[in-house]
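K.L.:
heads up, no residue letters with this:
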């Protein structure tokens, strides 16, 4: 049976696995490891520090900070007091940070540094404390409750109490605060732990933003519910070294990260002698034949020679990579799987506590989002929209009864806004309901599928498809500037700026040919008839991407409205 609350779950697991390593992290130039038995008094000390700031059960507190083990200790301390943590992405600008702070009604902000503190310093009636100061209070055991007092507080927390409010990315409007209960976390972790082959011997690598529901649930709560280990990477810049240092068995990632790792591997292979390059291609070919059930006599040998080297770049102990947060292009999985690296695609939303479905290593249909997790119910509406209810469904949106009623129907089904297909027990997301393009001839086009095909090209970094009400599909294309610079250099071209590459006729011809090639894989009405090259990538800072790297179509359509007007004219 799942524990009554998150802090009770942590105490139960610590009692069962006191000597297991709970967390690993960099400290003072060395790796520090703490056991579950050591973790409990740390959390209790942080609970004392949080209490000393005047926070009590039911209060909301904002944290805006980069990742770190102190972030996790603060989070668990608040849970143990019934204090509701509202995380804000450290990449969000001041106006969006202030909106969330005021909307949730928090009176205290825990900031990672002075730059983060400055984002909300102008909001009246709000106090700000640096996470480093909170950590100092905890280390000094400031106001640390006795074990008996602390456990009494934990016992007062009910499963239905709000554990956290996590704000949605706001791709179609202002962010909404999804209220997730203790039971949402504990019941879901218990269901996944029974069904999925993960356990106390696993080590999860934490590097995704802890302010995102994906990392908060699958990368933090799930491993600690199992008695497993969480290893905290220092940053995205150090990810490669951290993987080698910590040697994780499970890595949670988003498709863009998996694509970046793939590109680095391919770039490294391209610098090898011709024979080594051919050996790598043989390994991929033999791996694909093996996956297809065709004869692959050299597969075993090549996996020992080449495949293991690639696995070693992921620490050598990797059991599987989990892709979530956005749709995973097939080409990503079809790169890793032939090399003996299992990639499992999953699906979930903030409103469904991150994990609704995921593929199982023993039954992996990587082109789908997998099977629905036990304890979660799913069905398709008449228009194909995926509906969810069960242990993972949120309580509702904070202080937004109208929006809650629109999202959750009278029978308790949450309307995800995603159009899906079902094949047996497996689901496949087609696109966002609001993003479906209806051409002038009445044809419905799913832009996400076309965009993923374009992104699979080595020359294209990103793309946004448009064409609603028009007679053809067009696209805004962000070139892969790094790859194109190498291409230009290899073909005798000078070192060009991003704008210079976009204006270069050889580059324009190369991208045009690539779009034509991809069009050959699409139905006639899905083909990109016109495209325009952009001279810079989409970014979080410009407001074009959410912190979880989803495209904000509304922002892009407004920013490039003149270019779009030209594209959507006669091809």
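P.N.:
Great, that's in hand. Predicted, not measured: the structure shown is a model, and the values here were computed from it.

K.L.:
Check which residues of the helix or strand residue 128 falls within are buried.
P.N.:
Per DSSP states H and E, residue 128 falls inside strand 127-130. Residues of strand 127-130 classed as buried: 128, 129, 130 (neighbour count, 16 or more other Cβ atoms under 10 Å). The way it works is simple: take the backbone N, C-alpha and C, and place the C-beta from them, glycine included.

K.L.:
That strand pairs with which strands, and in what direction?
P.N.:
Applying DSSP bridges, strand 127-130 is found paired with strand 108-111 (parallel).

K.L.:
Against residue 511, how distant is residue 474?
P.N.:
Per Cβ to Cβ, to the nearest Å, residue 474 is found 14 Å from residue 511.

K.L.:
show me where the stretch 351-500 of the chain has helices.
P.N.:
According to DSSP state H, counting those that start in this stretch, the stretch 351-500 of the chain carries its helices in the segments 401-407, 447-455, 481-490, 498-503.

K.L.:
Buried residues of the shortest one, list them for me.
P.N.:
It stands for helix 498-503. Neighbour counts over helix 498-503 (16+ other Cβ under 10 Å) mark 498, 501, 502 as buried.

K.L.:
And the residues you listed, which is closest to residue 463?
P.N.:
residue 502 (14.2 Å; Cβ to Cβ).

K.L.:
can you pull the contacts of the closest one?
P.N.:
Neighbour list for residue 502: 479, 508, 533, 534, 535 [criterion: Cβ atoms under 8 Å, 6 or more residues apart in numbering].

K.L.:
let's see 6 Å
P.N.:
Under the criterion of Cβ atoms under 6 Å, 6 or more residues apart in numbering, the contact list for residue 502 reads 533, 535.

K.L.:
Then residue 459?
P.N.:
Counted by Cβ under 6 Å, 6+ apart, residue 459 has contacts 480, 483, 511, 514.

K.L.:
Which of these scores worst on pLDDT?
P.N.:
Within these, the minimum per-residue pLDDT falls on residue 483 (87).

K.L.:
Which residue is the nearest non-sequential neighbour of that one?
P.N.:
For residue 483, ignoring the flanking residues on the chain, the nearest one in space by Cβ to Cβ, 6 or more residues apart in numbering is residue 458 at 5.6 Å.

K.L.:
Find me the pLDDT at that neighbour, would you?
P.N.:
On pLDDT, residue 458 comes in at 88.

K.L.:
what's around the residue nearest to residue 80 when sequence neighbours are not counted, how many residues?
P.N.:
Counting by Cβ to Cβ, 6+ apart, residue 80 lies nearest to residue 7, which is 3.9 Å off, once chain neighbours are set aside. Residues lying near residue 7 (other Cβ atoms under 10 Å) number 28.

K.L.:
pLDDT score assigned to residue 7?
P.N.:
pLDDT recorded at residue 7 is 98.

K.L.:
Which parts of the stretch 51-200 of the chain are helices?
P.N.:
Ranges of helices in the stretch 51-200 of the chain, per DSSP H, counting those that start in this stretch, are 69-81, 94-104, 114-118, 131-139, 147-155, 182-195.

K.L.:
name the helices or strands packed onto the first one?
P.N.:
Counting contacts by 3 or more Cβ pairs under 6 Å, 6 or more residues apart in numbering; DSSP states H and E, the secondary-structure elements packed against helix 69-81 are helix 6-16, helix 36-52.

K.L.:
ok, residue 207 to residue 239 distance?
P.N.:
Going from residue 207 to residue 239 by Cβ to Cβ gives 6 Å.

K.L.:
Next, show the common contact partners of the two.
P.N.:
Shared contacts of residue 207 and residue 239, defined by Cβ under 6 Å, 6+ apart, comprise residue 233.

K.L.:
The two: who's more crowded?
P.N.:
Each of residue 207 and residue 239 has its neighbours counted (other Cβ under 10 Å); residue 207 has more, 23 against 18.

K.L.:
I'd like to know how many residues surround the closest residue in space to the more buried one that isn't next to it in sequence.
P.N.:
Closest residue to residue 207 apart from its sequence neighbours, by Cβ to Cβ, 6+ apart: residue 233 at 3.8 Å. Residues lying near residue 233 (other Cβ under 10 Å) number 23.

K.L.:
Let me see the contact set for residue 233.
P.N.:
Contacts here follow Cβ under 6 Å, 6+ apart; on that basis residue 233 touches 207, 239, 242.

K.L.:
Let me see the contact set for the second one.
P.N.:
Residue 239 makes contacts with 207, 233, as judged by Cβ under 6 Å, 6+ apart.

K.L.:
hang on, the earlier thing: any chance of the buried residues of strand 127-130 in a markdown table with pLDDT and distance to residue 375 as columns?
P.N.:
A markdown table is the format used below for the buried residues of strand 127-130 (pLDDT from 0 to 100; distance: Cβ to Cβ, whole Å):
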| residue | pLDDT | distance to residue 375 |
| --- | --- | --- |
| 128 | 97 | 39 |
| 129 | 97 | 38 |
| 130 | 98 | 39 |
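
K.L.:
would you list these in TSV and tack on distance to residue 544?
P.N.:
What follows is the buried residues of strand 127-130, written out as TSV (distance: Cβ to Cβ, whole Å):
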residue	distance to residue 544
128	29
129	32
130	30
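
K.L.:
where does the stretch 151-300 of the chain have low pLDDT?
P.N.:
Residues of the stretch 151-300 of the chain meeting the criterion pLDDT under 70: 170-173.

K.L.:
Kindly report the same for the chain.
P.N.:
Applying pLDDT under 70 to the chain flags residues 1, 170-173, 492-495, 569-571.

K.L.:
cutoff 80 now
P.N.:
1-2, 169-174, 440-442, 488-496, 547-550, 568-571 (pLDDT under 80).

K.L.:
per the record, what domains does the protein have?
P.N.:
Annotated domains of the chain cover 6-249, 255-316+318-433, 436-567 [automatic domain parsing].

K.L.:
Quick one: end-to-end distance for the first one.
P.N.:
So that's domain 6-249. One end of domain 6-249 sits 24 Å from the other (Cα to Cα, to the nearest Å).

K.L.:
Equivalent analysis for stretch 364-379, please.
P.N.:
In stretch 364-379, first residue to last residue: 21 Å (Cα to Cα).

K.L.:
wait, which of the buried residues of strand 127-130 is closest to residue 115?
P.N.:
Using Cβ to Cβ, residue 130 comes nearest to residue 115 of the buried residues of strand 127-130, at 10.9 Å.

K.L.:
Test of understanding: give the bridge partners of residue 415.
P.N.:
Going by DSSP bridges, residue 415 forms beta bridges with residue 387.
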